[in-house]
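> sequence first, then the predicted structure, then my questions.
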Amino acid sequence: MNGKNVRRRGFRSFTFHIGTKKARTAIVTMGLALSVMFILLGTVAVQLLIPNHQNSLAGRVLHSVSSRSLLSVFHHEIPLYASADPNILDPSKNQHASFKSLFVYLFTNIDIENPITMLGEQIPALAVTKFEPLSKDFQEPPGEDHLPPRPSDQTEPSAPQQEQPVESDGKPIVYIYHTHNRESFLPELHGVTDPNQAYDKDKNITLVGERLLQSLKAKHIYAVQTKNDYWFKGDVENEYDLSRKTVQEVLKKYDSIKMVFDIHRDSMPRDKTTVKINGQDVARVYFIIGGSNKNKEKNEEFALKLHNKLNQMYPGVSKGAHVAIPNPAFDTRYNQDLFSNAVLIEIGGPENTLEEEYRAADILADVIANVGKDEQKGGK
């Protein structure tokens, strides 16, 4: 063109022949890989829509990836942190170990970097929650749960009924429920002497919650109580999944609720769960906060208010406020992520009598009333 050399752009052509066996194999392999990927992503997405997905495969994926990713960022971006971390002595080895532990955790719920989860999977008695005290004057943690295996289907009622909420007059501001509703007391059970078998469908912790409701009503504090029997509706070790639905329904129905109490009894022996007040034996009280919930700080503050007021009014009844240390092996939210003034309260133990439990419930009602008045004075 006009005698000038024109620089031509060179393009290489590429032809993909799908008629060959190798090409067809590659296409089929790619299609299968994409299908598996979309199935896995869909499974994770569906599980994340479930209200309690912490122990699902999706929950374990998020838990593992998020924690390991955060540590990886720290190690790469903060050299001093990496040098101080005993797990980063050999980065190449650590990456292989992390991948192996992640793979095992996703499909077995066992964290090989945390041996207690392995023992907990094989020995139920070791799959326990550990606690740390919020109230520094009370260091002794609550006892371990010793839930018996799910009862035989042969003894299951033909149609377990959904209990309707029991209301006191007026708009309720307190909600009482019982995740482990059959926790009972040896003095009330004929022929039962093993504390680990202190469970009953009639004489149980729901009676203590009923007494608390009536004591609050006498102080013009209105409450609602649910007494659902979760015993035959699934694994007794996962009853928080079942009670969670009940809590959600009650909170939706009663927008006047200001306080939520999941009432249990502890597993400690009598000498640890009983105190004399005005010459009478009274069951002692623990305040428990879940360590893995979004309302943790507010619930800790509320639990400490209850503990401090109880310790002030009735010294010796409170055994302190404690927070559960988060553990990937099981759920430690205790449904407290659903409400900001929610506390798990353990009253007495398997060797206490119902009368001693009732005295504690009356005292607790007095404390709740006073804490409520204090908050009203503070404009809360």
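Cool, the structure landed. Given the structure is predicted, the values throughout are model-derived calculations rather than measurements. Numbering: from 1, shown residues only.

> which residues of the stretch 251-380 of the chain fall in strands?
259-264, 274-277, 280-283, 285-289, 318-324, 342-347 (DSSP state E, counting those that start in this stretch).

> now the ones you listed as a markdown table including mean pLDDT, distance to V247 and mean neighbour count?
Bear in mind the C-beta positions are built from the backbone N, C-alpha and C, glycine included. Below are these laid out as a markdown table (pLDDT from 0 to 100; distance: least, C-beta to C-beta, whole Å; neighbours: other C-beta atoms under 10 Å):
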| stretch | mean pLDDT | distance to V247 | mean neighbour count |
| --- | --- | --- | --- |
| strand 259-264 | 98 | 7 | 24 |
| strand 274-277 | 97 | 30 | 16 |
| strand 280-283 | 98 | 24 | 20 |
| strand 285-289 | 95 | 16 | 27 |
| strand 318-324 | 92 | 17 | 25 |
| strand 342-347 | 97 | 8 | 26 |
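
> could I get these as a markdown table with distance to L207?
Shown next, in a markdown table, are the strands of the stretch 251-380 of the chain (distance: least, C-beta to C-beta, whole Å):
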| stretch | distance to L207 |
| --- | --- |
| strand 259-264 | 10 |
| strand 274-277 | 18 |
| strand 280-283 | 13 |
| strand 285-289 | 16 |
| strand 318-324 | 21 |
| strand 342-347 | 11 |
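
> so which of those comes closest to D362?
Smallest distance to D362 across the strands of the stretch 251-380 of the chain (C-beta to C-beta): 9.1 Å, for strand 280-283.

> run me through the strand neighbours of the closest one, direction for each.
Looking at strand 280-283 with DSSP bridges, its partner strands are strand 274-277 (antiparallel).

> quick check: which of the strands of the stretch 251-380 of the chain is nearest to N204?
strand 259-264 (10.5 Å).

> so where's the stretch 251-380 of the chain shaky on pLDDT?
328-330, 375-380 (pLDDT under 70).

> so which residues of it form helices?
With DSSP state H, counting those that start in this stretch as the criterion, the stretch 251-380 of the chain has helices at 270-273, 296-313, 354-377.

> H180 falls within a helix, correct?
No - the assignment for H180 (DSSP: H, G, I helix; E, B strand; the rest coil) gives coil, which keeps it out of a helix.

> now it: phi and psi?
phi -100, psi 70 (degrees, to the nearest 10).

> and for the one 10 residues further on?
Dihedral pair for H190: phi -70, psi 130, per degrees, to the nearest 10.

> give me the pLDDT for it.
As predicted, H190 sits at a pLDDT of 93.

> for it, give its distance to K203.
Note on H190: its distance to K203, by C-beta to C-beta, to the nearest Å, is 10 Å.

> quick one: which of the strands of the stretch 251-380 of the chain is nearest D374?
strand 259-264 (12.9 Å).

> and for that closest one, what are the contacting residues?
Applying C-beta atoms under 8 Å, 6 or more residues apart in numbering, the contact partners of strand 259-264 are 173-180, 183, 205, 208-209, 212, 243, 247, 251, 302, 334-336, 338-339, 341-347, 368, 372.

> let's see it at 6 Å
174-180, 183, 205, 209, 339, 341-346 (C-beta atoms under 6 Å, 6 or more residues apart in numbering).

> elements contacting the longest helix along the chain?
Ranked by residue count under DSSP state H, the longest helix found in the chain is helix 21-49. Counting contacts by 3 or more C-beta pairs under 6 Å, 6 or more residues apart in numbering; DSSP states H and E, helix 21-49 is packed against helix 57-77.

> now Q280: how far from N370?
Where N370 is concerned, Q280 sits at a distance of 21 Å (C-beta to C-beta).

> just for the stretch 1-150 of the chain, where's the confidence low?
Across the stretch 1-150 of the chain, the stretches falling below the confidence threshold (pLDDT under 70) are 1-19, 44-131, 135-150.

> how about a cut-off of 80?
Along the stretch 1-150 of the chain, segments meeting pLDDT under 80 span 1-24, 26, 28, 40-150.

> more neighbours: which of H190 and K203?
Each of H190 and K203 has its neighbours counted (other C-beta atoms under 10 Å); K203 has more, 16 against 6.

> need phi/psi at the closest residue to that one other than its chain neighbours.
Sequence neighbours aside, E188 is the residue nearest to K203 in space, at 4.5 Å (criterion: C-beta to C-beta, 6 or more residues apart in numbering). Main-chain torsions, E188, degrees, to the nearest 10: phi -100, psi 0.

> oh, and call the first residue 38 from now on, that's how I've got it
Happy to do that; since the first residue is 38 now, the last one works out to E225.

> so E225 makes contact with D239?
No - using C-beta atoms under 6 Å, E225 is not in contact with D239; the gap is 9.3 Å.

> which of those two has more neighbours?
E225 (18 against 9).

> any figure for the gap between that one and Y236?
Separation of E225 from Y236 (C-beta to C-beta): 11 Å.

> now swap in G353 and tell me
28 Å.

> about what we covered before: which among the contacts of strand 296-301 count as buried?
Neighbour-count burial (16 or more other C-beta atoms under 10 Å) applied to those gives 211-217, 220, 242, 246, 376, 378-383.

> between G353 and Y236, which one's more packed in?
Neighbour count, other C-beta under 10 Å: between G353 and Y236, Y236 has more, with 22 against 12.

> next, the more buried one: phi, psi?
Dihedral angles for Y236 - degrees, to the nearest 10 - are phi -140, psi 140.
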